[in-house]
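Peer 1: no sequence on this one, just coordinates:
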């Protein structure tokens, strides 16, 4: 068959040996493909087969030939053979449309589970003529995105896909195809990008409000520091994620003047009376995925409010903090736990 | 709608594409105007117009039941016009109707493809009716249009100009042309695979198998070409034009109205010979010639009088009748070319009296009493007492030349006694009247005589040396039997109008308005234009339409095959295919080398470094690759690093340091260095 498209839906597929064999063949075939974020198409990885209109054209050519033979029409022979020659030329034009093209996947940004993620693919055409009608899609999805690539130019495509599971995943297998110029041949390639995309848990839609904070009883020294109000009790090197107001700008200026480029932060931020712990043990009544969903929603809520919060996960504990870096750290931990 | 106010170039893409496709479909359908029932054309025009209107106003397509009704109407109309739904003519009518109706249903891609493929088929149907150069050119244009629309339909993005698609269609046709030529030349020509329907060979004008007075006159107005002759003499010279008699059917049996051949028309019952009658005697110089006969749908060949050996045809065989006519076993339905040798100076038939000759003096009773009267008067004429038959013939010819007889294209309708009317009342006629009346008079004189039809004269095209004979050159003359000499050609028309025989002058039918204006402006222009057109047409006939199995095998013979067969053709075709595949791969290899050699070199280095354990993802620049090599291997990576920096300098050094003229030389040096580079030892 011409297309390694999705197997039959439903339970029927499980008992259909043909579709099982096909699925097995596909897995085996795709497993052989190299993983790469940059794919340059050549004869090795571009496939071509006639489409249904292609078979229709073949049937038309046969009928034309039979008519020419039976009515002894030399001009009919000419027409038939010219059409056949055009179809042949079309096959080459179609193959050359993909062959030689470079496809580059831009590193994908992390995303939330269940949210539509866009993949940015740059098509690069080194040829001196444009390439027409190139479509790109996540393999087995019907959402084709079509583009023309200008001569010796680039064109950027955005593909949408919706991750179904949190964690660190490979970008789905992509497929590029063209039916240019006559629609009689389908020229396609299958591309396994090496890039991985981090998928955070899906934030719970209507999550309950944040849990109450706990008294900061285990760090009396800190409490002492608190009494000094806005006084700072020491400095340390800037760490990514420190809020701007924690930077000691005077120190930083002198440090810059002496040639070192380091910023300086206050060692201890003015800590609140209570610290907020988002703890997975408090949610043990929920099934695991729902737990991560709620934690995710809380992390986002706490971050939006600018709260100082920590995250406790089975294997990991993230000390209280704030800011985008902290948020990202928490989300990553949630994605991978 | 805003679109209504805007010109065509601002139509939405869908409407523009549809209108273009409709125009192409109309172009493909319209040349059928002469071949189709009027209702089909009207229906096609209405359907296309309706679809165009819908596209222009971006309206929805009609419901499916509308199409069903129209389809049923088309089928009923076809049955009404042709009394069948099968066969060639009914098929063509149906295909055209389907094509027009299908445009009203172009919803999905699949429907559009059906329109394209029906369009290709409709183009072929034109060739049932005509394979002329003009039709071929029109259909080539149609093919380009269909391909343009098809390519355009496969451009999913934006609103590409049609010129882009047209350009690609032109290029693809050019690339397909060699395939076409190779297949056309080498594809084995086989006989029709199954019997043709009865209407496969439509009525084609030409000489008829019987002659009633008035037939040839119709031909006189027909400017269509009957055949072309080329003389193959060493000097290419033709015999005198007045000797150019091309023999067709010979008529000996007369029922008062109609002349018929002596033998039954069906070839099965005829006496046929592989050689001409043994009594044929020839003198003078032979005239070899080549004939290109347009299909006449009759079994007879036309041959220059007198052709002494069977015309060379392969694979068919020509047979001779006792009347020196050459025929074939089946009707000639395609252009036919053959060579033969003729002796214009000849005689044949029994030299002494023969009982069979009695048949050649039979006349129907009760017809032409005044002609019989004239014959007996001539016999009794004291001046002619004792004169032989030859003198009597001469006497009758004198009567024609001096008796006030004239030659005309418009003789009017003849009544019952055609010979009487010609000899006494009208004294004017076309060649068939003259020949028929002459033969009747001869028979009344008891001289064996018969009517021969064929073509006479012709026109030489100075461009290619071919003589063209048209239906208007059809002629009828007579043969009389003279004791001691056999059958002798006598052309009574020549006695009346010497101009009819042997010169370029002939009676010309009234011309159309444009043609007559052209002639008035420049009498020579018309002739030379026609000459040019016909020379081109002739070449088309010779090279394309007449490319038969015989010529195909001849070609193989010229290529050195001893006994060519169709297997050899297939072999040759396969060889050509293999050769072109090889050529394509060679080109691909060459093409790959055309890619940036600098990048290739960098890629080579990276691949080799990878093979030695350097992990370099993606594409690296020379500098980053060199740094990675140093990090990985330390000083052992230094040679690679240095080489890479050289490579970098080659491309990115400021101009002047490395001139472009020695870039390729430097690249060669670098490639050599890469081969002998000291790599760090393999790990482990």
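Peer 2: All right, it came through fine. A quick note: this is a predicted structure, and the numbers were derived from the prediction, not measured.
Peer 1: For the residue nearest to residue B:632 when sequence neighbours are not counted, give me its contacts.
Peer 2: Leaving aside its sequence neighbours, residue B:632 sits nearest to residue B:614 (C-beta to C-beta, 6 or more residues apart in numbering or on different chains; 5.3 Å). Quick note: C-beta positions are derived from backbone N, CA and C, even for glycine. With contact taken as C-beta atoms under 8 Å, 6 or more residues apart in numbering or on different chains, residue B:614 is in contact with B:628-629, B:632-633.
Peer 1: Now intersect those with the strands, please.
Peer 2: For those, not one is inside strands, with DSSP state E as the criterion.
Peer 1: Who wins on neighbours among these?
Peer 2: Using other C-beta atoms under 10 Å in any protein chain shown as the neighbour criterion, residue B:629 leads the contacts of residue B:614 with 25 neighbours.
Peer 1: where's that residue relative to chain A, distance?
Peer 2: Here residue B:629 is placed at a distance of 21 Å from chain A (C-beta to the nearest C-beta, to the nearest Å).
Peer 1: returning to what we had before: may I ask which two of the contacts of residue B:614 are separated the most?
Peer 2: Greatest spacing in the contacts of residue B:614, by C-beta to C-beta: B:628 and B:633 (9.3 Å).
Peer 1: How is the chain divided into domains?
Peer 2: Just so you know, I chose chain A. Segmentation of chain A into domains, based on automatic domain parsing, reads A:17-200, A:201-216+A:274-337, A:231-271.
Peer 1: um, chain B though
Peer 2: When chain B is cut into domains by automatic domain parsing, you get B:3-175, B:211-347, B:355-451+B:476-513, B:551-559+B:567-593, B:597-675.
Peer 1: residue ranges for the helices of the stretch 501-650 of chain B, please.
Peer 2: Under the criterion DSSP state H, counting those that start in this stretch, helices of the stretch 501-650 of chain B are mapped to B:513-521, B:523-540, B:549-558, B:566-593, B:597-611, B:622-633, B:638-652.
Peer 1: right, so of these, which gets closest to residue A:62?
Peer 2: Between residue A:62 and those, the shortest separation by C-beta to C-beta is 17.0 Å, and it involves helix B:566-593.
Peer 1: before we move on, the earlier item: look up phi and psi at the residue nearest to residue B:632.
Peer 2: As for residue B:614, its main-chain torsions (degrees, to the nearest 10) stand at phi -80, psi 130.
Peer 1: for residue B:76, same thing?
Peer 2: Backbone dihedrals for residue B:76, given as degrees, to the nearest 10, come out at phi -60, psi -40.
Peer 1: Next, the buried residues of the helix or strand residue B:479 falls within.
Peer 2: With secondary structure defined by DSSP states H and E, residue B:479 is part of strand B:474-482. Within strand B:474-482, the residues scored as buried using 16 or more other C-beta atoms under 10 Å in any protein chain shown are B:474-482.
Peer 1: picking that back up, reformat the domains of chain B as JSON lines; add distance to residue A:140 and mean pLDDT.
Peer 2: Output for these, formatted as JSON lines (distance: least, C-beta to C-beta, whole Å; pLDDT from 0 to 100):
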{"stretch": "domain B:3-175", "distance to residue A:140": "20", "mean pLDDT": "89"}
{"stretch": "domain B:211-347", "distance to residue A:140": "55", "mean pLDDT": "79"}
{"stretch": "domain B:355-451+B:476-513", "distance to residue A:140": "67", "mean pLDDT": "80"}
{"stretch": "domain B:551-559+B:567-593", "distance to residue A:140": "31", "mean pLDDT": "83"}
{"stretch": "domain B:597-675", "distance to residue A:140": "27", "mean pLDDT": "82"}
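Peer 1: Next up, the contacts around the nearest residue to residue A:125 once chain neighbours are set aside.
Peer 2: Distances taken as C-beta to C-beta, 6+ apart place residue A:149 nearest to residue A:125, at 4.1 Å, with adjacent residues excluded. Residue A:149 is in contact with A:101, A:123-125, A:130-131, A:134, A:155, counting by C-beta under 8 Å, 6+ apart.
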